[in-house]
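> here you go, sequence then predicted model.
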2 protein chains.
Amino acid sequence: MDAHLRELRYFVAAAEESTVTAAAARLFVSQPALSKQLRALERRLGFDLFDRRPRGLTLTSQGSVLLPVAREVLAAWDRGYAEARAAAHPHQLVVGMQTAVGRDLQRPAVERFRATLPGWTVSLRLVGWDDPTAGLADGTSDVAFVWLPISTDFATRVLISEPRWVALPAQHPLADRAEIPFELLLDEPFVALPAAAGPLRDFWLAVDARPGPPVVAAEATAADEVLELVTAGVGIALLAEGNTGLYQRPGLVCRPVPDLPPAELAVAWRRIDNRDAVRAFLDSVQP
Amino acid sequence: MDAHLRELRYFVAAAEESTVTAAAARLFVSQPALSKQLRALERRLGFDLFDRRPRGLTLTSQGSVLLPVAREVLAAWDRGYAEARAAAHPHQLVVGMQTAVGRDLQRPAVERFRATLPGWTVSLRLVGWDDPTAGLADGTSDVAFVWLPISTDFATRVLISEPRWVALPAQHPLADRAEIPFELLLDEPFVALPAAAGPLRDFWLAVDARPGPPVVAAEATAADEVLELVTAGVGIALLAEGNTGLYQRPGLVCRPVPDLPPAELAVAWRRIDNRDAVRAFLDSVQP
DNA sequence: GCGCATCCATAACCAACGGTTATATCAGCA
DNA sequence: TGCTGATATAACCGTTGGTTATGGATGCGC
C-alpha cells in the first residue's frame, strides 16, 4: 500500500489539530476535501486512523503507531529533497525575501558572507506573499528575510522593529491628518495578503487590534500590487515605516498609525539546518 | 514538493534497472507510463534524476543524492505500515499460503506454535498466484508457505522438494503413458500463472527446460481455475507431485515428468523481520 | 427537553492525473 | 542504409482530488 506524501501531511495535520475542520484550515483546503482524503487513506490502508467523536478526532491504536512513522517519512523526504536541490548548485546559498528588503541589510550581509566563505555564491530569491516563509518551507531558500509572525518550524532573529503606517489614496478624507489612530480605520476596506499567507495576513490587517472582522476589499500577492490597488481607491493597506519611502508614487500617501504594535523584520532559517554556510550567513547579518 | 511513494518506487526501480523499459517490466506497468511518471516527477522536483543515454539511464548528481533518500523513505514507510497493521491484531500471526499446502505441514506447525506462544493466535490467509510472496511483500502476512523461486528480499527454508507432474485432460493423446518426458510437451499450449507471478510463472512453464518460448493458452490465478481450464482442454499445466492427489477430478489425469528439476516448497519470511513470534513459528515448522 | 452550535460526512460536479495502446524519434551498428 | 533497442509523444479513458452546497449527529445552554 503506497500513499502520497501529501496524504501523510494531511494525516499529521489532522492528528495535531485533532479536528478535521481546523486541520483543513491549516492546510488551506476545504473541510470536505480533507475529510474525503482521510477516509480514502483509511480505506486503502485497511484500518481507521481516527475515531470520530463529536468534539473532534482521537487516534486509534493503528493511528498512533503510524503517526511517528509519517513524521519520520516526511522529515526524511523534506531533508533529502532539500539536499538534492542543493546538489544542483553546490556552494550556493539561496536567500529568500518577501519584499525588497532595502534598509541596507542585505548588501553588507552578502559582502561579509562572501568574505567569510569565498567559494560560495549567494542567490537572491524574491517570493510573493503567498509563501510567508519566503521559500524556507519548501526548501527553495536556505535563509530568508521575513516579516513576523512566522511558523515556529523556523528559527528567527529580529533585525528591525518598525512602526506600522497606513497607505491611502491621496484623495482619501483621512489623508490630511499627520497621523491616524487605528480606530478610524476599523471600517475601511483593506487590501489583504492572500489566505495562504496565514498569520501574516492577520498581522497586516491588524486583526488583534479590532473588535470585529476586517473588511477585505481585495487580495494582493506582491507589494506593487497592493499599492496599485490602494492608489486606485479599492482599499487601504498597512505597511512598515521603512517601506513608505521605497514605494512612493503619485496619488498615494502614507501616514503613521501610532497605536499599533510595531512590525518586526527578521532573518529566519530552518531550525534543523545547521550547515556552516547558513550559520556564516546569519553571523553576517547585522541589525 | 510532495511525491507519491509509488513515484519513489518507480524512481528506485529505474535507477536499479538503469533502463526505463526493464524497470517498467519489473513494475508491471507499460514503458510509456513509467517514462511519463519519471518525467513528471523530474518536472515537479525541478531537476532531472537521470541522464537519458542511448543505452539506458544514468543518475544525475541530484538523482544520486535522492536515491538513498527514496530508499530510506520507502523502507520507513513499509516497516511502519506493517507495524500499524499488526497493531490492529496484536498477538496474531498471519500465515500466507499460495495453495492449500496439505502435506500435513501447516497443522502441526500451528499446534507447536500455539504451544510455544499461548497468547497468540494464528490466522491463515490464502492468496492467488498474482502475489508470489503470498502477502509477505505488502505486509499482509508475517510468514508464508511459498513455492520457490521467490524474491531475495525474503529469507526461505526449503521444506519439501517434489518432482513435477503434468495435468492433462483425460482424452489427451499422451494421457495413456505412465510418465511423460518434457520434450513431448514442448509444443503443447499451457495454462500459465499471471505475469504478476514473476519468476514463478516461468518456473511452472519450465522455461529453463525449453529451447524456445512456451505457448500460453490461458492464465489463471488459483489452482481450481487452472484445473478447470485443463479439464476443459484449453491447455495443460505442471503441478507438484503432492498436489496431484489434492486436485483429483473426473476428466483429469496427472503424470510424472521425470526429467524436470523438482519443485521446492518453502517457508518464507521478511529478512528484516526478527520478531519472536516469527522466529517461533519458523521453529515450529518441520519438514 | 429543545433549539443551537459545532463538526464530520455525503452529493454533485469538474479539472488533473495515471494508466493504456499505437506511433514517432533517435543513436548505434552490421 | 536499414535494423535494433531504447525513450518520448499522442490520443484516449477511468479514477482521483479538489470545489461548493447540504445533510446529520452530538453536546451544551437556556
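That came through, no problem.

> now do the end-to-end distance for stretch A:50-62.
9 Å (CA to CA, to the nearest Å).

> for stretch A:231-243, same thing?
First-to-last residue span, stretch A:231-243, CA to CA: 16 Å.

> identify each buried residue in it, please.
The neighbour-count check on stretch A:231-243 (16 or more other CB atoms under 10 Å in any protein chain shown) flags A:231, A:234-243 as buried. Heads up, the C-betas are built off the backbone N, CA and C, glycines and all.

> again with stretch A:215-232
Neighbour counts over stretch A:215-232 (16+ other CB under 10 Å) mark A:217-223, A:226-231 as buried.

> where's it relative to the chain centroid, distance-wise?
Chain-centre distance of stretch A:215-232: 18 Å, with CA atoms, centre = their mean, to the nearest Å.

> could you work out the most separated pair of the buried residues of stretch A:231-243?
Across the buried residues of stretch A:231-243, no pair lies farther apart than A:234 and A:242, at 24.1 Å, counting by CB to CB.

> do any residues in the lengthiest helix in chain A lie close to DNA strand C?
Looking across chain A with DSSP state H, the single longest helix is helix A:61-88. No: Helix A:61-88 is not in contact with DNA strand C by CB under 7 Å from any atom of the strand; minimum separation 12.9 Å.

> can you list the strands that the helix or strand just after that helix pairs with?
Toward the C-terminus, helix A:61-88 is succeeded by strand A:92-97 as the next helix or strand (DSSP states H and E). In the sheet, strand A:92-97 lines up against strand A:121-126 (parallel), strand A:143-147 (parallel) (DSSP bridges).

> would you single out the least confident of these?
For these, the weakest mean pLDDT is recorded on strand A:121-126, namely a mean of 86.

> how about it: buried residues?
Applying 16+ other CB under 10 Å to strand A:121-126 flags residue A:122 as buried.

> can you check stretch A:208-216 too?
Residues of stretch A:208-216 classed as buried: residue A:214 (neighbour count, 16+ other CB under 10 Å).

> dump it to PDB, restricted to CA.
Only the C-alpha atoms of stretch A:208-216 are listed here, as PDB (Å, rounded to 0.1, in the frame of the first residue of the first chain):
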ATOM      1  CA  ASP A 208      -5.600  41.700  17.000                       C
ATOM      2  CA  ALA A 209      -6.500  45.400  17.300                       C
ATOM      3  CA  ARG A 210     -10.100  45.000  16.100                       C
ATOM      4  CA  PRO A 211     -13.300  44.300  17.900                       C
ATOM      5  CA  GLY A 212     -14.800  42.600  14.800                       C
ATOM      6  CA  PRO A 213     -13.700  41.100  11.500                       C
ATOM      7  CA  PRO A 214     -11.900  43.300   8.900                       C
ATOM      8  CA  VAL A 215     -13.400  44.400   5.600                       C
ATOM      9  CA  VAL A 216     -11.300  42.900   2.800                       C
END
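
> so residue A:80 touches residue B:63, yeah?
No: using CB atoms under 8 Å, residue A:80 makes no contact with residue B:63, being 11.7 Å away.

> tell me where the stretch 101-250 of chain A has helices.
A:106-116, A:199-204, A:223-231, A:241-246 (DSSP state H, counting those that start in this stretch).

> save the ones you listed as a markdown table, and put in mean pLDDT and distance to residue B:74 too.
Putting the helices of the stretch 101-250 of chain A into a markdown table (pLDDT from 0 to 100; distance: least, CB to CB, whole Å) gives the following:
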| stretch | mean pLDDT | distance to residue B:74 |
| --- | --- | --- |
| helix A:106-116 | 87 | 37 |
| helix A:199-204 | 88 | 35 |
| helix A:223-231 | 86 | 42 |
| helix A:241-246 | 84 | 47 |
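
> now the residue located most distally from the centre of chain A, nearest residue through space, not along the chain?
Going by CA atoms, centre = their mean, the residue of chain A most distant from its centre is residue A:46, 36.4 Å out. What sits nearest to residue A:46 in space, not counting adjacent residues and going by CB to CB, 6 or more residues apart in numbering or on different chains, is residue B:85, at 6.8 Å.
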